[in-house]
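In: Show me how the following folds:
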Amino acid sequence: MPEGHIPAACTHVVPYPSQHAAAPIPIPSDCGKSASTLPENATYESYGATLQGSEDNPYHPFRSRLDWEIARWAKLRGSGSTAFSDLLAIEGVAENLALSFKNSRELNKIIDGGLPPSRPRFQRHEIIVAGESFEVYFRDILECIRSLYGDPEFAPLLLLEPEKHFTDEEEKTRVYFDMNTGKWWWDALEWDRPGATVIPTQLTQFGSKSAYPDIRCKPSRRGQILLAYLPTSCLMHIKNKAARRRTLANLFHACMTRVTQPLVAASRDGITLMSGDRVARRGHPILAIYVGDYPEQTGDCPKCPTDKASMGNDTNISRPFRPLADVLDALATIEEGPRAYTTACRKVGIKPLYHPFWETLPYTNIFYAITPDLLHQLYQGVMKHLVAWIKKAFGDEELDARVRRLPQNNSLRHFSKGISKLTRVTGKEHRDMCRILLGLIIGLPLPHGLSPSRLVRATRALLDFLYYAQFSCQTTDTLSQLNEALKSFHANKAIFHFHFPKLHSLDHYPRSIELFGSTDNYDTQYTERLHIDFTKDAYRASNKKDELSQMTIERHGKYIAWRLEHDKTAQWADLDMKPRIQMARHPSVKSVTFADIAAKYGATHFRDTLARFVVQQNHPNLAAHEVEQRSAGVYFGFNSVSAFHKIKFNIPDVQGLGLQTSDPRDVVHVRPARKNKYHNTVPGRFDTALIQEQDRSAGDDSASSEAGEDFRVVQVRMVFKLPEKGAAALFPSLSPSDRQQHFAYVHWFTPFASHPDSPDHGLYKISHAVHDRGSRIGSIIPIENIERSCHLFPDFGPVANRAWTSSNVLEQCKDFYLNTFADLSTYQLFY
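Out: Numbering: from 1, shown residues only. Below you'll find the model as predicted:
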């Protein structure tokens, strides 16, 4: 199914050894032309053919562009149906705008009757459980698959056959990313007939809603379909809690059995599927992944035979899964009576459910299909417990004092009031805490004189596991590091004195990644976003309707764009085409004098430093003392430069495998203090950044860290552009096209040591680079030398200095630790 942007991989690829895998089949006679003669955008032409009267009006069934734009705004951005109807009811509004509708009801009628639906419609079904009737609303699952598979926007993104990827031609280090690179797809089906194509189906259950499958990480691409609304009854009339839980479980499985029933025959026999480029294949939709909210997975482990009492005691990533054959044999004893059935289920370690929905699904092993859940197992599970324990051990006052004094960074949330008073903490907030957690506890003494070493080691190990688990491209090496981090945590976890079953779920991460690819293929952080879109925003905006009209409008908008441009606009641009650095076209301040640069930006030696930079650029082979002599004679025909307060970066693929599916961005802020509209002073912000070190004048040439080789930390004090005439006079040998346009004045930090400062926390320690007289060493560099922003933890010691603030700590504190957990790409850069 669609997976997002398909990158050009820099890996050794082993294709599936069968020419029949995903081979096209003849298009059924009712589809018209053969695949070889169909135009590129045949699906859009087919869509347009259903719109009678659209030959001369690309906006049909709307009268005009204005008619269409207002309808689109009302459905996608409007405040609600009633408010929109009230607006159009104002005398003259609908008439003067020449609209084809006068209220929301008429607009809905146009959409429902004039536009082909973009997704299958819901149907209602009654489920009888324990003598009580319940309503379930769902779509035909096969029609949903056909809708996704046949969407022309997804045609170039479909993954149709399994592959093995390796970093080397010797095939020693395997690579896992998209789902078709995992082991499950390779072994899923015997390709015995032309056109056999596995369609991995992912069911994601959040609350009472289900959706599947997705263009990973991009909910806005509508690669997910809301499949069913399940009953939410709590059955409070059943007083016995055990009976109530059992009845609720049976209700859930009865509903899901009805929803997934069409998969039974389709998985076994296959169905004809037509992709958006009008190529037919025989597809076998198989339930491959089931992502359940954690309350669905309480009790004993749902994947392996480990009982609840033993979960989390130790780690073993090689634990065998529950034997599916034995479980199915136990489920088959249901006809032998309740006692025999309960006994058989107890022996294989499952609850005595009445026909679980996965029981009859061909090729589905539910114990493989239940996948890791970063949001609920890690952020809202293990990390939630860790943060709570740290707050209890160290106290709120000191932790909050440290949090408030951390310097700001584009990747981090600034908790201006600390973290102790947060209530109903979300997964996103726990993620933001994890990015700063290690820096908060370094140097903090534990009560009663206990050594904090094991605490720091355990915290570091758990953060390592969290970050390795999030890699969008995994290898056998990173999976080994994932396992080592888990072992390190268990070796040091006794300091916490806590035990909870969610720790056990971490054992299954490596195996699931090997089976189904990286965890972003089945991460509930993205479907939680859909929970809001599908069941809240869409519900409110459509006046108690489902999201069907919104998606229909969006699809019609894509068709209109194609009609107007006569070509489908690419939705996923090649990441390699984007410039690494993006600067604003116009400066933030057109003219800043040299005096203001020193006073407002803190670039105290700007003129002298610029003179040395000019000499070095024009005469790169001069010795240091010769540069000093010649710089005294440099004349500036100007006394001001234009200033830029922001540098934007597109982060390249750190792993170097060409498999980056997301588009991470970064920003360096360089802004002096200013007054806001209330005349209050807003402190300046001068971010720190990593550079590819070329100018060694800031210190000695001692070795950099092995992981961050050739990198150096600087604080960016000024980003500027020289006047054109001044640049021409200063660099006469360079043509305008060869001259660098933007420069940065930076203050240096000391080079990285060859190893981290401590094996407990594993962070690199740096200090301000200063002259003999104590002033900070500054240089001017081209902004192309800046790799990205970085974040520093102040060395707080046992007690944070209360005179420090987030805006002055980079100047007042002398020693720092590089925060390698600021974001995932920084972590990958150093480990």
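In: got the CA positions of stretch 629-648 in PDB?
Out: C-alpha atoms of stretch 629-648 as PDB (Å, rounded to 0.1, in the frame of the first residue of the first chain):
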ATOM      1  CA  GLN A 629      49.300  42.700   9.300                       C
ATOM      2  CA  ARG A 630      47.300  42.900   6.100                       C
ATOM      3  CA  SER A 631      44.000  43.100   7.800                       C
ATOM      4  CA  ALA A 632      45.000  46.500   9.300                       C
ATOM      5  CA  GLY A 633      45.100  47.900   5.800                       C
ATOM      6  CA  VAL A 634      41.600  46.700   4.700                       C
ATOM      7  CA  TYR A 635      39.300  49.600   3.900                       C
ATOM      8  CA  PHE A 636      35.500  49.400   4.100                       C
ATOM      9  CA  GLY A 637      33.600  51.700   1.800                       C
ATOM     10  CA  PHE A 638      30.500  51.100   3.900                       C
ATOM     11  CA  ASN A 639      29.700  51.100   7.600                       C
ATOM     12  CA  SER A 640      26.500  49.000   7.700                       C
ATOM     13  CA  VAL A 641      25.300  45.600   6.500                       C
ATOM     14  CA  SER A 642      21.900  43.900   6.100                       C
ATOM     15  CA  ALA A 643      20.900  41.500   8.900                       C
ATOM     16  CA  PHE A 644      19.000  38.200   8.700                       C
ATOM     17  CA  HIS A 645      17.400  36.800  11.900                       C
ATOM     18  CA  LYS A 646      16.800  33.300  10.700                       C
ATOM     19  CA  ILE A 647      18.500  30.500   8.800                       C
ATOM     20  CA  LYS A 648      16.400  27.600   7.600                       C
END
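In: For that stretch, what does the pLDDT average out to?
Out: The pLDDT scores in stretch 629-648 average 95.
In: same deal with stretch 354-369?
Out: According to the model, stretch 354-369 has a mean pLDDT of 93.
In: quick one: buried residues of it?
Out: Judged by neighbour count using 16 or more other Cβ atoms under 10 Å, the buried positions of stretch 354-369 are 354, 356-361, 363-369. C-beta: built from backbone N, CA, C; applies to glycine.
In: Put together CSV for these, with secondary structure on each row.
Out: Shown next, in CSV, are the buried residues of stretch 354-369 (DSSP: H, G, I helix; E, B strand; the rest coil):
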residue, secondary structure
Tyr354, coil
Pro356, coil
Phe357, coil
Trp358, coil
Glu359, coil
Thr360, coil
Leu361, coil
Tyr363, coil
Thr364, coil
Asn365, coil
Ile366, helix
Phe367, helix
Tyr368, helix
Ala369, helix
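In: Redo the residues you listed as TSV? Include distance to Pro156.
Out: Rendered in TSV, the data for those read as follows (distance: Cβ to Cβ, whole Å):
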residue	distance to Pro156
Tyr354	44
Pro356	38
Phe357	34
Trp358	32
Glu359	37
Thr360	35
Leu361	30
Tyr363	27
Thr364	29
Asn365	31
Ile366	33
Phe367	35
Tyr368	30
Ala369	28
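In: From those residues, pick the one nearest Arg585.
Out: Lowest distance from Arg585 to these (Cβ to Cβ) belongs to Ala369, with 50.4 Å.
In: is it true that that closest one touches Gly292?
Out: No - using Cβ atoms under 8 Å, Ala369 is not in contact with Gly292; the gap is 9.9 Å.
In: Now do the helices in the stretch 351-500 of the chain.
Out: Counting by DSSP state H, counting those that start in this stretch, the segments of the stretch 351-500 of the chain that form helices are 366-369, 383-394, 396-404, 427-434, 437-441, 453-469, 476-492.
In: I'd like these laid out as JSON lines, including distance to Ala727.
Out: Below are the helices of the stretch 351-500 of the chain laid out as JSON lines (distance: least, Cβ to Cβ, whole Å):
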{"stretch": "helix 366-369", "distance to Ala727": "62"}
{"stretch": "helix 383-394", "distance to Ala727": "50"}
{"stretch": "helix 396-404", "distance to Ala727": "43"}
{"stretch": "helix 427-434", "distance to Ala727": "42"}
{"stretch": "helix 437-441", "distance to Ala727": "41"}
{"stretch": "helix 453-469", "distance to Ala727": "43"}
{"stretch": "helix 476-492", "distance to Ala727": "46"}
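In: Moving C-terminal from the helix or strand bottoming out on mean pLDDT in the chain, which element do we reach first?
Out: Here the helix or strand of the chain ranked lowest by mean pLDDT, DSSP states H and E is strand 209-212, holding a mean of 33. Next helix or strand after strand 209-212 toward the C-terminus (DSSP states H and E): strand 225-229.
In: and Ala624, how many neighbours?
Out: 10 (other Cβ atoms under 10 Å).
In: and if you look at Ile334?
Out: Neighbour tally, Ile334, other Cβ under 10 Å: 18.
In: Please apply the same query to the one 4 residues further on.
Out: Burial of Pro338, expressed as a neighbour count using other Cβ under 10 Å, amounts to 9.
In: What's the first helix or strand after the strand ranked longest in the chain?
Out: Counting residues, the longest strand in the chain under DSSP state E turns out to be strand 280-292. Note on strand 280-292: by DSSP H and E, the next helix or strand toward the C-terminus is helix 324-331.
In: Flag every buried residue along the next helix or strand after that following helix.
Out: For helix 324-331, the following helix or strand on the C-terminal side (DSSP H and E) is helix 338-348. Within helix 338-348, the residues that count as buried by 16+ other Cβ under 10 Å are 341, 344-345, 348.
In: just stretch 308-326 next, same as before
Out: 311-312, 315, 321-322.
In: For those, give me CSV that also has distance to Trp748 and pLDDT.
Out: As requested, the buried residues of stretch 308-326 are arranged in CSV below (distance: Cβ to Cβ, whole Å; pLDDT from 0 to 100):
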residue, distance to Trp748, pLDDT
Met311, 50, 88
Gly312, 46, 86
Thr315, 43, 92
Phe321, 54, 94
Arg322, 58, 94
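In: For the closest residue to Arg405 other than its chain neighbours, list the residues it contacts.
Out: Leaving aside its sequence neighbours, Arg405 sits nearest to Trp804 (Cβ to Cβ, 6 or more residues apart in numbering; 4.7 Å). By Cβ atoms under 8 Å, 6 or more residues apart in numbering, the contact list for Trp804 reads 405, 794, 812-813.
In: what do you get for Pro338?
Out: Pro338 sits in contact with Pro352, where contact means Cβ under 8 Å, 6+ apart.
In: How about Gln715?
Out: Applying Cβ under 8 Å, 6+ apart, the residues near Gln715 are 686-689, 746-747, 749, 810.
In: can I get the CA coordinates of stretch 103-121 in CSV?
Out: The C-alpha trace of stretch 103-121 is given here as CSV (Å, rounded to 0.1, in the frame of the first residue of the first chain):
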residue,chain,number,x,y,z
ASN,A,103,-27.4,27.2,2.7
SER,A,104,-25.5,24.2,3.9
ARG,A,105,-28.3,21.8,3.0
GLU,A,106,-28.2,22.8,-0.6
LEU,A,107,-24.4,22.6,-0.7
ASN,A,108,-24.5,19.1,0.8
LYS,A,109,-27.1,18.1,-1.9
ILE,A,110,-24.7,19.3,-4.7
ILE,A,111,-21.8,17.3,-3.2
ASP,A,112,-23.8,14.2,-2.6
GLY,A,113,-25.6,14.2,-5.9
GLY,A,114,-23.1,15.9,-8.2
LEU,A,115,-19.7,14.5,-7.2
PRO,A,116,-18.5,10.9,-7.3
PRO,A,117,-17.8,9.8,-3.7
SER,A,118,-14.1,9.6,-2.9
ARG,A,119,-14.6,6.9,-0.3
PRO,A,120,-17.1,4.1,0.1
ARG,A,121,-20.2,5.0,2.1
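In: now that stretch: mean pLDDT?
Out: Rounded mean pLDDT across stretch 103-121 is 83.
In: Show residues contacting that stretch.
Out: Contacts of stretch 103-121 (Cβ under 8 Å, 6+ apart): 47, 50-51, 60-62, 71, 74-75, 81-82, 84-85, 88-89, 100-101, 139-140, 143-144, 147, 225, 543, 545, 548-549, 551-556.
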